[in-house]
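Trainee: Mind looking at a prediction? Sequence and model below.
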Amino acid sequence: MNVDVNAIFQIAGIGIIIAMIHSVLKQMGKEDMAHWVTVIGFVVVLFMVVSMLDDLFKEIKTIFLFQ
């Protein structure tokens, strides 16, 4: 199992971009859109984390079941 540091940087990058977009939209007075952008960013990161957890559980399964 390889330690994938790129995934951590991708999640951090998405968080920074979403935070900037949220700030800009909030300054423009479009708070509803800012909240939707935040929710969409959260969902994207959630799917990335779920995918990584799936890979982790598959790896654990192969280790303990000797497959």
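Mentor: All right, it came through fine.
Trainee: any idea how far residue 25 is from residue 61?
Mentor: Computed as Cβ to Cβ, to the nearest Å, the residue 25 to residue 61 distance reads 43 Å. Bear in mind the C-beta positions are built from the backbone N, C-alpha and C, glycine included.
Trainee: ok, the two, which is more surrounded?
Mentor: Ranked by neighbour count (other Cβ atoms under 10 Å), residue 25 and residue 61 place residue 25 first, with 18 against 10.
Trainee: Show the pLDDT at that one.
Mentor: For residue 25, the pLDDT comes out at 94.
Trainee: OK, contacts around the residue most central in space within the chain?
Mentor: Among the residues of the chain, the one closest to the centroid is residue 45, at 1.8 Å (Cα atoms, centre = their mean). Going by Cβ atoms under 8 Å, 6 or more residues apart in numbering, residue 45 touches 11, 14, 15.
Trainee: so what secondary structure elements neighbour the one helix or strand the first one maps to?
Mentor: Here residue 11 sits within helix 5-27, counting by DSSP states H and E. Here helix 5-27 is seen to pack against helix 31-65 when contacts are counted using 3 or more Cβ pairs under 8 Å, 6 or more residues apart in numbering; DSSP states H and E.
Trainee: List the buried residues for the helix it packs on?
Mentor: 34, 37, 41, 45 (16 or more other Cβ atoms under 10 Å).
Trainee: Among the residues you listed, which one sits closest to residue 7?
Mentor: residue 45 (10.3 Å; Cβ to Cβ).
Trainee: one step back: among the buried residues of helix 31-65, which one lies nearest to residue 53?
Mentor: Nearest member of the buried residues of helix 31-65 to residue 53, counting by Cβ to Cβ, is residue 45, at 12.5 Å.
Trainee: so where's this protein uncertain?
Mentor: Applying pLDDT under 70 to the chain picks out residues 1-3, 66-67.
Trainee: Could you rerun that using 50?
Mentor: 1 (pLDDT under 50).
Trainee: ok, residue 42 - contacts?
Mentor: Counting by Cβ under 8 Å, 6+ apart, residue 42 has no contacts.
Trainee: Then the one 10 residues further on?
Mentor: Contact analysis of residue 52 by Cβ under 8 Å, 6+ apart lists 4, 7.
Trainee: Thanks again, I'm all set now.
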